[in-house]
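Peer 1: sequence-free structure coming up:
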């Protein structure tokens, strides 16, 4: 993890510097570089001036677990972001290196750090606890792309190029693989349809999927259409020299929200299946 923490610390320190756009961090970033228009996508000042977020939380160690390892696409954007994670605010918050700061998981432990994000993450934490039980551990979260935008499509990334794949393998997948060894969840969890394209590119094989099925009486249905709710669960696995990586990919049509409480029994069955297969 040392190389990963060092990378993240360099990213934030370069971003905080007044000469950020002249740094290798900026010039070689695999996500910023895909933008063709100077004022488009992630290069808009309102985004580039917000703190990049490569990870949040503590990956844990043999004596300290994390609740779950989660992969996000990229951080969102809110009207109050500049107040809480603009350069001035971040410079005041960072008394030491970025990893030491991020390990405290301020989005979940410090309501005043960013109240809007705190509310959003508390809901996601409640969803995790409903599956894995009321525990003290917090999740360890990694972002595929650390830069903010209103939504993933606005980030301008339709298909992953080789530089992005290489970045994800080194700075997202490898630390996630290490962190999941100390995780209550026992697998990496991601939310979003784009992962169903990404995992095969990373060499993962689809082991099993749970899809909307009208023949499954336990599958929640929409009160309006009376049809099975459009929630998809896919279990991917990849064998590496250092062990097997297990991933639960979840996506809901047109949303990056977590499944509603009606899916709890199904989610618990899926997690148990992944643990034993």
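Peer 2: Thanks, I have the structure now. Since this is a predicted model, take the numbers as computed values, not measurements.
Peer 1: residues near residue 127, how many?
Peer 2: 20 (other CB atoms under 10 Å). For the C-beta atoms, the positions are set from N, CA and C on the backbone; glycine is no exception.
Peer 1: and the nearest residue to it once chain neighbours are set aside, what pLDDT?
Peer 2: Excluding its sequence neighbours, the residue lying closest to residue 127 (CB to CB, 6 or more residues apart in numbering) is residue 258, at 4.3 Å. For residue 258, the model assigns a pLDDT of 93.
Peer 1: In three-state terms, label residue 258 for me.
Peer 2: Secondary structure assignment for residue 258 (DSSP: H, G, I helix; E, B strand; the rest coil): coil.
Peer 1: Run through the helices of the protein in chain order.
Peer 2: Using DSSP state H, the helices of the chain run over 2-16, 24-27, 45-48, 81-85, 87-93, 98-103, 106-109, 115-132, 162-168, 174-180, 195-201, 264-276.
Peer 1: looking at the ones you listed, which is buried most?
Peer 2: helix 174-180 (a mean of 22; mean count of other CB atoms under 10 Å).
Peer 1: Which strands or helices does that one pack on?
Peer 2: On a contact count with 3 or more CB pairs under 8 Å, 6 or more residues apart in numbering; DSSP states H and E, helix 174-180 meets strand 69-72, strand 140-143, strand 188-191, strand 243-252.
Peer 1: Which one, of the helices of the chain, ends up nearest to residue 152?
Peer 2: Closest approach to residue 152 among the helices of the chain (CB to CB): helix 195-201, 10.9 Å.
Peer 1: Name the residues that touch the closest one?
Peer 2: Under the contact criterion CB atoms under 8 Å, 6 or more residues apart in numbering, helix 195-201 has outside partners 71, 144, 159, 160, 165, 168, 206, 234, 236, 247, 249, 251.
Peer 1: Swap in 6 Å and give it another go.
Peer 2: Contacts to helix 195-201, defined as CB atoms under 6 Å, 6 or more residues apart in numbering, come from residues 236, 249.
Peer 1: for stretch 242-256, same thing?
Peer 2: With contact meaning CB under 6 Å, 6+ apart, stretch 242-256 is reached by 177, 187-193, 195, 230-238, 274.
Peer 1: change it to 7 Å
Peer 2: Here stretch 242-256 makes contact (CB atoms under 7 Å, 6 or more residues apart in numbering) with 177, 187-193, 195-196, 199, 204, 230-238, 259, 270, 274.
Peer 1: just how off-centre is that stretch within its chain?
Peer 2: Relative to its parent chain, stretch 242-256 has a centroid offset of 10 Å by CA atoms, centre = their mean, to the nearest Å.
Peer 1: Could I get the buried residue list for it?
Peer 2: By 16 or more other CB atoms under 10 Å, the buried positions in stretch 242-256 come out as 245, 246, 247, 248, 249, 250, 251, 252, 256.
Peer 1: what's the neighbour count on residue 158?
Peer 2: Applying other CB under 10 Å, I find that residue 158 has 10 neighbouring residues.
Peer 1: Just the local confidence number for it, please.
Peer 2: Looking at residue 158, its pLDDT stands at 71.
Peer 1: Residue 114 now?
Peer 2: On pLDDT, residue 114 comes in at 93.
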